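*Asks:* got a predicted structure plus its sequence, pasted below:
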Amino acid sequence: MEVDLCFVMDCTGSMGGHIEGAKNSIKKVVEYMENMEPAIKIRVGFCGYRDHCDGSNRLQIFDFTYSCDEFKNRLSGVSASGGGDSPEDVLGGLNAAVTSMTWRNPTRVLLHICDCPPHGRRFNNTDDDYPNGDPNGLTAEQVLREMQSAGIYYGGCHL
């Protein structure tokens, strides 16, 4: 079995108390999957997201690699920073993972780790700089439809 496994993670300041634990858990999953070879051949990738106010630091993408060591080394450099209001650019992060990563293996899995909802009153009732939803016009339905069209299985973990 050949698998593309992409971790999508909220990397804003609110994850500060959780990010090391989340990264350690990701590394354990990657090591476990690496030990499944040759039955499972895995490529791992990462898409970290922050919020719209974080400019060029909003997305942190590591495209797929067969090298678990390379992946773990790159993941070690991920830190929690940024974010403005309570919601985050969840839809932007998921969309980037679906559209910017080079998915190619027949089995495609996206694991999402987060602690805050996306922008828009439909998802939250907190301080939201974008109460009408994603400022780039993304919708959950649109992103999930793209994910489904690409044959990506989605799983999430809310901290």
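*Replies:* Looks like it arrived, so ask away. Numbering: from 1, shown residues only.

*Asks:* residues in contact with the longest helix along the chain?
*Replies:* When the chain is parsed with DSSP state H, its longest helix is helix 19-34. For helix 19-34, contacts defined as C-beta atoms under 8 Å, 6 or more residues apart in numbering pick out 3, 5, 7, 9, 11, 15, 40, 42, 44, 46, 68, 71-72, 75-76, 78-80, 111, 113, 159. Where you see a C-beta, it was placed from the backbone N, CA and C, and this is true even at glycine.

*Asks:* narrow those residues to those in helices?
*Replies:* 68, 71, 72, 75, 76.

*Asks:* report the central residue of this structure.
*Replies:* residue 8 (1.1 Å; C-alpha atoms, centre = their mean).

*Asks:* that residue bridge partners, please.
*Replies:* Counting by DSSP bridges, residue 8 is bridged to residue 47, residue 112.

*Asks:* which residues touch it?
*Replies:* Counted by C-beta under 8 Å, 6+ apart, residue 8 has contacts 46, 47, 48, 49, 93, 94, 97, 110, 111, 112, 113.

*Asks:* how far away is it from residue 125?
*Replies:* Relative to residue 125, residue 8 is positioned 24 Å away (C-beta to C-beta, to the nearest Å).

*Asks:* what about the strands in the protein?
*Replies:* 2-10, 41-49, 59-65, 107-114, 152-158 (DSSP state E).

*Asks:* make JSON lines out of those strands and add mean pLDDT and distance to residue 133.
*Replies:* JSON lines is the format used below for those (pLDDT from 0 to 100; distance: least, C-beta to C-beta, whole Å):
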{"stretch": "strand 2-10", "mean pLDDT": "98", "distance to residue 133": "18"}
{"stretch": "strand 41-49", "mean pLDDT": "98", "distance to residue 133": "16"}
{"stretch": "strand 59-65", "mean pLDDT": "98", "distance to residue 133": "19"}
{"stretch": "strand 107-114", "mean pLDDT": "98", "distance to residue 133": "17"}
{"stretch": "strand 152-158", "mean pLDDT": "92", "distance to residue 133": "19"}
